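[1] Have a look at this prediction, sequence included:
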Amino acid sequence: MRIIPVSSQVMEKLIFLAIGSGNSFLFTNSNGTRQTPDNLGRRFRTVLAEAKKRGMDIVDVNIHTLRKTYISHLIMAGTEPAKVMAIVGHEQWESIKHYLYLSPDFLSQNLKLPY
């Protein structure tokens, strides 16, 4: 089990979804039963197919891309690397480095030249 911090706004929405469904599961199918990981994967691929139809570049996008994006946004938001590592379950900085996709704006704003 991992504790994942979320903003109060996200927490409110999650609580609303969980209580509003009258169900103990947050992700349910149309019958109100728990979504399986396979079904969530299929739904994600459906979303990607729709994005592609609308002209979005989805090359190399997969469900793991969400994890990489989350980690990158935590770092760019100023979350301490040790905290990010604890949240995502990595023990070594070397393990997390390959997940980072830092935006050009972030890199240019945070570049500290020694001269």
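    Now that the structure is in, tell me what you want to look at. Numbering: from 1, shown residues only.

[2] Just give me the neighbour total for V84.
    21 (other Cβ atoms under 10 Å). C-beta: built from backbone N, CA, C; applies to glycine.

[3] residues contacting it?
    I71, L74, I75, I96 (Cβ atoms under 8 Å, 6 or more residues apart in numbering).

[4] Stretch 83-102 spans what distance, first to last residue?
    The straight-line separation of the ends of stretch 83-102 (Cα to Cα, to the nearest Å) is 18 Å.

[5] Give me the buried positions along that stretch.
    By neighbour count on 16 or more other Cβ atoms under 10 Å, the buried set for stretch 83-102 is V84, M85, I87, V88, H90, I96, Y99.

[6] which residue packs closest to the fourth one, ignoring adjacent ones?
    The shortest distance from V88 to any residue other than its chain neighbours is 5.9 Å, reached at I71 (Cβ to Cβ, 6 or more residues apart in numbering).

[7] these two touch, right, that neighbour and L100?
    Yes. Using Cβ atoms under 8 Å as the test, I71 is close enough to L100 to be in contact (6.6 Å).

[8] buried residues in the longest helix belonging to the chain?
    Identified as the longest helix of the chain according to DSSP state H is helix 37-53. Applying a neighbour-count criterion of 16+ other Cβ under 10 Å, one finds L48 buried in helix 37-53.

[9] got the contact list for it?
    F27, N29, Q35, I58, V61, I63.

[10] still on that earlier bit, which of the buried residues of stretch 83-102 fall in helices?
    V84, M85, I87, V88, I96.

[11] ranges for the helices of this protein?
    Secondary structure of the chain (DSSP H): helices located at 8-20, 37-53, 63-76, 81-88, 93-97, 104-109.

[12] picking that back up, who wins on neighbours among the contacts of V84?
    Using other Cβ under 10 Å as the neighbour criterion, I71 leads the contacts of V84 with 22 neighbours.

[13] For it, give its distance to H98.
    10 Å (Cβ to Cβ, to the nearest Å).
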